[in-house]
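Novice: kindly return the folded structure for what I paste below:
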Amino acid sequence: MSETWFTEHHAPSGSSIGFRLRAKLHEETTPYQTIAIYDSTDWGKLMVIDGCMMVTTRDNFLYHEMIVHPALYTHAAPKRVVIIGGGDCGTLREVLRHAEVEHAVQVEIDERVTRLAEQHFPELCEANGDPRAELRFADGIQYMAECAPGSVDVVIVDSTDPVGPAEGLFNAAFYRSCQRALGEGGVLVQQSESPLAHLALIQSMRAAMRQAGFGAMATLPFPQPCYPTGWWSCTLARKGAAAIGAFREADAEARPFATRYYNAGVHRAALSAPEFLRAALRDG
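Specialist: Numbering: from 1, shown residues only. Presented below is the predicted three-dimensional model:
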């Protein structure tokens, strides 16, 4: 019996990952990209953008929890959060689990990503109606450039790979906008691809963050089966003199909401980089 699979080939690492499918549910080309939605046999629904896996029902919690909770527990009092990208809304959902957050704006350039997520991944969009949430469909680079100085506590860059609409989110000019918008002790976190396949990109991101005025940085690896190599990361940078390794550990341990991956121990462990990554990132 023949089977249908979605397979993403990743030439830089000489690898691929595939998901057995039941059906293609939707496909459209927007002014920015091509978005496809599939129903798989074992991983729930898949969202694919320009042929690259973005999110699956089964494993999205790994990414969404790790791009949000370490950053918010690193900040002393995260009240004002900006999410750049994040159109599937899973990051927004995790941010708004934190009761101290007073306002979270999600700036996604392609509204169709969010509308398709609302239709096919409603569990990720359950916080979209929260009165603290604001959905904006605009250019995140321009939004950060226009933010008032010191007006933000945490910036989360939940972007696609550094090509196409997301290319401008991985350079010193963008990081300078984030640094200016953050208050003292503010935290920037950005998805930083695979430590196994994209180490040069991580190094260039950190160099650009340093050039933009950030001092303390940490790259946190975590498992992510649907992305190239199955191992992903996010990179945190903090404004000011405080160490990036200090976080509200007791609050993280006593968090009043359920998580499936993140806890204080996972946070501590992720700060302890594997030896090859530590050697490659001795820049701070």
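
Novice: what's downstream of the helix ranked longest in the chain, the next helix or strand?
Specialist: Using DSSP state H, we find that the single longest helix of the chain is helix 60-74. Downstream of helix 60-74, the next assigned helix or strand under DSSP states H and E is strand 80-85.

Novice: relative to helix 60-74, how tilted is that following strand?
Specialist: 150 degrees (axes from the mean of the first three to the mean of the last three C-alpha atoms, to 10 degrees).

Novice: strands paired with strand 80-85, and their directions?
Specialist: According to DSSP bridges, strand 80-85 forms sheet pairs with strand 103-107 (parallel), strand 152-158 (parallel).

Novice: and those strands as JSON lines, adding mean pLDDT, distance to Pro195 and mean neighbour count?
Specialist: C-beta coordinates here come from the backbone N, C-alpha and C atoms, glycine included. Output for these, formatted as JSON lines (pLDDT from 0 to 100; distance: least, C-beta to C-beta, whole Å; neighbours: other C-beta atoms under 10 Å):
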{"stretch": "strand 103-107", "mean pLDDT": "98", "distance to Pro195": "27", "mean neighbour count": "21"}
{"stretch": "strand 152-158", "mean pLDDT": "97", "distance to Pro195": "17", "mean neighbour count": "26"}
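
Novice: will you turn those strands into TSV that also has distance to Arg282?
Specialist: Listed next are the strands paired with strand 80-85 as TSV, based on distance: least, C-beta to C-beta, whole Å:
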stretch	distance to Arg282
strand 103-107	33
strand 152-158	24
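
Novice: right, and these - which one's nearest Arg248?
Specialist: Smallest distance to Arg248 across those (C-beta to C-beta): 12.9 Å, for strand 152-158.

Novice: and that closest one, how far out from the chain's middle?
Specialist: Computed by C-alpha atoms, centre = their mean, to the nearest Å, the chain-centroid distance of strand 152-158 equals 10 Å.

Novice: which strands or helices does whichever helix or strand comes after it pack on?
Specialist: Per DSSP H and E, the first helix or strand lying C-terminal to strand 152-158 is helix 172-181. The contact analysis (3 or more C-beta pairs under 8 Å, 6 or more residues apart in numbering; DSSP states H and E) places helix 172-181 against helix 140-146, strand 152-158, strand 182-191, helix 199-211.

Novice: contacts only, for Glu28.
Specialist: Thr34, Ile35, Arg112 (C-beta atoms under 8 Å, 6 or more residues apart in numbering).

Novice: what strands line up against the helix or strand where it lies, and which way round?
Specialist: If you go by DSSP H and E, Glu28 is part of strand 15-29. Strand pairing for strand 15-29, using DSSP bridges, gives strand 4-10 (antiparallel), strand 34-40 (antiparallel).

Novice: what's next to the last one, contact-wise?
Specialist: Residues from elsewhere that reach strand 34-40 (C-beta under 8 Å, 6+ apart): 6, 19-29, 45-51, 56, 110, 112-113, 116, 120.

Novice: pull the CA atoms of that strand into CSV?
Specialist: C-alpha atoms of strand 34-40 as CSV (Å, rounded to 0.1, in the frame of the first residue of the first chain):
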residue,chain,number,x,y,z
THR,A,34,3.6,29.8,0.6
ILE,A,35,1.8,28.1,3.6
ALA,A,36,0.6,24.5,3.6
ILE,A,37,-1.3,22.6,6.2
TYR,A,38,-1.2,18.8,6.4
ASP,A,39,-2.9,16.2,8.6
SER,A,40,-0.3,13.5,9.6
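
Novice: thanks a lot, see you next time.
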